[in-house]
Structures are given as C-alpha cells and as structure tokens.
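Asks: model the structure of this input:
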Amino acid sequence: MRDYIVRRLLILVPVMIGVSLLTFSLFNIIPGDACVLRLGFGSTPETLKACREAHGLTRPLFPVSINSDVPVIHVQDSQYGGWLWDIVAHQDLGQSLAEGSAKVSTELERRLPITLELMIMTVIFALVLGILPGMLSAIRPNTPIDWIARVLSVLWLSIPSFYLAILMITFGLLWFGWTPPQFGRGYVPFMDDPWVNLQQFVFPALVLSVGIAAVIMRLTRSAMLEVLRNDYIRTAWSKGLRERTVVWRHALKNALIPVVTLIGLQVGALIGGAVIIESVYNLNGVGKYTLEAIIRRDLFVVQSLTLLFAFVYVSCNLFVDIAYAWLDPRIHYN
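Replies: Got it, this is the predicted structure:
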C-alpha cells in the first residue's frame with residue numbers, strides 16, 4: 001500500500017504539469033489582448049505597453065526558444081515558466097489583472113474557508129440523504145419506503161440546484177419573512193457564532209447536496225441489492241445474526257465501494273455547483289470569486305483557479321483509491 005501511494009504521488013507531478021500546460025495553452029489561444037480588456041479599446045499604445053510589461057506579457061509564452069544551433073531553455077524568462085515557478089516555489093498564484101495588484105493567494109486565504117465549509121457540509125448532507133434512504137430502500141424492496149425513496153431521488157435529480165436555491169430564498173422571504181444571514185452581514189466563522197454560521201451554510205449545502213444525494217441513493221440501493229444476494233450474507237442470516245449486524249457490518253461496507261468512487265467523481269460537480277450556489281446565496285467563497293473573474297474577463301485569476309480545481313480533483317481521486325483498501329481488505333495494490 002505504501003509503495004502504491006508513493007507511485008501515485010510521483011505520477012501526480014507529471015499529471016499536474018500536463019494540466020498546467022494545457023490550462024495555460026487554452027487561455028492563451030483565446031483571441032484578444034488581456035490589457036486591452038482591462039484598460040479599454042481607447043487606451044494609448046504607451047499605456048498598453050506599460051501594462052504588458054508590468055504583467056510579463058511581453059515575454060515569450062513557453063520556455064524554449066530555438067536558435068540556429070541548439071534549443072535554449074529559459075524557464076523563468078517565459079510566461080508559462082514564470083507562472084509555474086511562482087506557483088511551485090513561492091505558492092504565488094499570480095495577480096488579478098482587473099483589480100490591479102490584488103494577489104490571487106490573498107483572496108484564496110480569505111475565501112477558501114467559506115468554500116471548504118460549504119463543500120464539507122454538502123458531502124455530509126449528500127451521504128446522509130443518499131446512503132440511509134438507499135439502504136432502507138434495498139432492505140425493504142417494493143414497500144412504501146422503497147417507492148418514496150425512489151420518487152424523491154428522481155425529483156431531486158430533476159430540479160436544478162440554482163432554481164431550488166432561488167425557490168428556498170423566495171418562499172422563506174414571502175412565507176416566513178426570513179432571509180439568510182449572509183445577505184445582511186459577512187461570513188461569520190463557526191467558532192465566532194456557531195448558530196449564525198450554521199444558518200449561513202445549512203440551506204446552501206442542502207440545496208447543493210440533493211442532486212448528489214439522489215445519485216448516491218440510487219447507487220447505494222443497487223449495490224445493496226446485489227450484495228444482499230451473496231452467499232456470505234445468506235451465511236450470516238443462517239447463523240442467526242441480527243438484521244442490524246448483517247446490514248451494517250457485512251453488507252453496507254461492501255456496498256459502499258461504488259459509492260466512494262462516485263463521491264470522488266462528484267468533486268467536479270461540487271466545484272461547479274459552488275460557483276452557482278455561492279453566487280445565489282451571496283457567499284464570498286472561491287466559487288463566487290471564479291464567477292466574478294469570468295465576468296470581468298480576468299484571465300490570470302481564472303487560469304490559476306482552474307489549475308487549483310484540477311489539483312483538488314486529482315487529489316480527491318487519489319484519496320478515493322486509498323479508501324478502497326480500508327473498505328475491502330481483499331483489495332491489494334501492487
């Protein structure tokens with residue numbers, strides 16, 4: 001297991017280099033000049049030149065220049081090499097083009113706790129709303145519990161999260177005269193005021209989790225039905241074990257393997273959903289920051305955040321692979 005983790009961590013390096021190269025290339029083939037987008041089309045050539053020099057846009061894109069004899073590599077003298085070197089060596093994700101000298105790293109320090117709390121609460125809600133109904137639906141098939149769970153899963157999948165968020169805000173305001181606390185005040189950390197913090201995050205996390213919970217519920221039901229037909233489950237029943245022991249200790253743990261895989265794949269959906277939900281609920285997290293950067297056409301910020309999201313996605317899938325061995329000891333990595 002240790003050798004497998006080390007190999008995966010080593011593979012992570014070229015994967016992230018490839019992702020960074022692809023990200024940088026895609027953002028630089030977009031037509032237009034970043035400084036023109038910032039300063040406007042009426043800017044003077046001198047102003048545009050100063051802007052390009054200040055942000056390193058006059059340097060070559062990639063760190064290889066081909067001379068007459070041999071290629072010469074200038075890592076930090078290129079836009080890509082300098083950007084990647086700042087990220088690796090100094091943990092500096094660059095500066096915002098639209099907000100002057102505002103650093104992306106500084107904004108992330110302020111906004112990342114908001115997004116992390118939202119995603120953690122979303123995963124918790126998705127697991128509770130997905131695994132428990134799915135398990136009950138599997139052990140009581142073709143009963144009212146089974147039908148209600150299946151209908152709810154289809155309903156949750158059918159309603160877009162942003163539409164559900166708007167409905168919750170509208171009905172809460174019209175029926176109860178209540179609006180989320182973040183509309184009137186900024187982010188309140190959990191340690192400062194737990195009650196206000198929970199009010200700020202419960203509804204956004206609940207809205208973001210229902211679609212993921214529906215998929216988890218249906219997958220849990222299918223996996224549990226398959227596991228309950230296995231011989232070792234019949235043996236456990238024949239030994240006279242209680243239903244709670246058979247379901248929780250023997251069946252559920254093996255049925256969770258595809259669910260864990262799904263959770264790793266849903267990280268991308270969580271990140272994309274956070275962009276919308278944070279904007280609807282006015283949460284100043286990384287998702288809202290990304291949307292604001294896209295609207296402002298702040299390419300440097302979007303480029304760095306895209307690389308950050310890719311790293312989070314790849315890392316989560318690594319943790320999912322490691323969790324397999326804990327769920328099923330028969331799994332060995334060579």
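Asks: if I look at the residue nearest the centre of the chain, how far off is residue 154?
Replies: Central residue of the chain (C-alpha atoms, centre = their mean): residue 271, 3.1 Å from the mean position. Remark: distance between residue 271 and residue 154 (C-beta to C-beta, to the nearest Å) = 25 Å. For glycine as for every other residue, the C-beta is placed from the backbone atoms N, C-alpha and C.
Asks: now the helices for the protein?
Replies: Assigned by DSSP state H, the helices in the chain fall at 2-28, 34-39, 45-54, 79-90, 104-139, 144-158, 161-176, 194-228, 231-238, 243-245, 252-265, 267-280, 286-295, 299-327.
Asks: and of those helices, who's closest to residue 188?
Replies: Nearest of these to residue 188, taken as C-beta to C-beta: helix 194-228 at 4.7 Å.
Asks: ok, residue 35 - contacts?
Replies: Counting by C-beta atoms under 8 Å, 6 or more residues apart in numbering, residue 35 touches 43, 48, 51-52, 55, 57, 97.
Asks: wait, isn't the residue nearest to the centre of the chain in contact with residue 287?
Replies: Yes - the criterion here is C-beta atoms under 8 Å, and residue 271 meets it with residue 287 at 7.2 Å.
Asks: for stretch 157-169, the distance to its chain's centre please.
Replies: 19 Å (C-alpha atoms, centre = their mean, to the nearest Å).
Asks: state the mean pLDDT of it.
Replies: Stretch 157-169 comes out with an average pLDDT of 87.
Asks: what's in contact with it?
Replies: Stretch 157-169 is contacted by residues 179-180, 203-204, 207-208, 210-211, 214-215, 273, 276-277, 280-281 when judged by C-beta under 8 Å, 6+ apart.
Asks: check stretch 38-45 too.
Replies: With contact meaning C-beta under 8 Å, 6+ apart, stretch 38-45 is reached by 35-36, 47-48, 51, 97-98.
Asks: from residue 206, how far out is the closest residue to residue 113 other than its chain neighbours?
Replies: The spatially closest residue to residue 113, leaving aside those adjacent along the chain, is residue 189, at 7.3 Å (C-beta to C-beta, 6 or more residues apart in numbering). Applying C-beta to C-beta, the value for residue 189 to residue 206 is 20 Å.
Asks: neighbour count winner among the two?
Replies: residue 206 (18 against 12; other C-beta atoms under 10 Å).
Asks: and that one, what does it touch?
Replies: Residues near residue 206 by C-beta under 8 Å, 6+ apart: residue 125.
Asks: per-residue confidence at it?
Replies: Reading off the model, residue 206 has pLDDT 91.
Asks: do you know how far the nearest residue to residue 125 once chain neighbours are set aside is from residue 232?
Replies: Counting by C-beta to C-beta, 6+ apart, residue 125 lies nearest to residue 209, which is 3.8 Å off, once chain neighbours are set aside. From residue 209 across to residue 232, the span is 33 Å (C-beta to C-beta).
Asks: likewise residue 144?
Replies: 30 Å.
Asks: repeat for residue 118
Replies: Here residue 118 is placed at a distance of 40 Å from residue 232 (C-beta to C-beta).
Asks: what does residue 221 give?
Replies: 20 Å.
Asks: so how many other residues sit close to the closest residue to residue 245 other than its chain neighbours?
Replies: Leaving aside its sequence neighbours, residue 245 sits nearest to residue 236 (C-beta to C-beta, 6+ apart; 7.5 Å). By the criterion of other C-beta under 10 Å, residue 236 has 19 neighbours.
Asks: who's in contact with residue 226?
Replies: Residue 226 is in contact with residue 255, counting by C-beta under 8 Å, 6+ apart.
Asks: pLDDT weak spots in the protein?
Replies: Under the criterion pLDDT under 70, the flagged ranges of the chain are 1, 31-34, 37, 40, 63-77, 98-101, 182-185, 325-334.
Asks: hmm, 50 instead?
Replies: Low-confidence segments of the chain (pLDDT under 50): 66, 68, 70.
Asks: hang on, the earlier thing: any chance of TSV for the helices of the chain, columns distance to residue 62?
Replies: Output for those, formatted as TSV (distance: least, C-beta to C-beta, whole Å):
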stretch	distance to residue 62
helix 2-28	9
helix 34-39	17
helix 45-54	17
helix 79-90	5
helix 104-139	22
helix 144-158	44
helix 161-176	39
helix 194-228	38
helix 231-238	57
helix 243-245	61
helix 252-265	32
helix 267-280	28
helix 286-295	24
helix 299-327	15
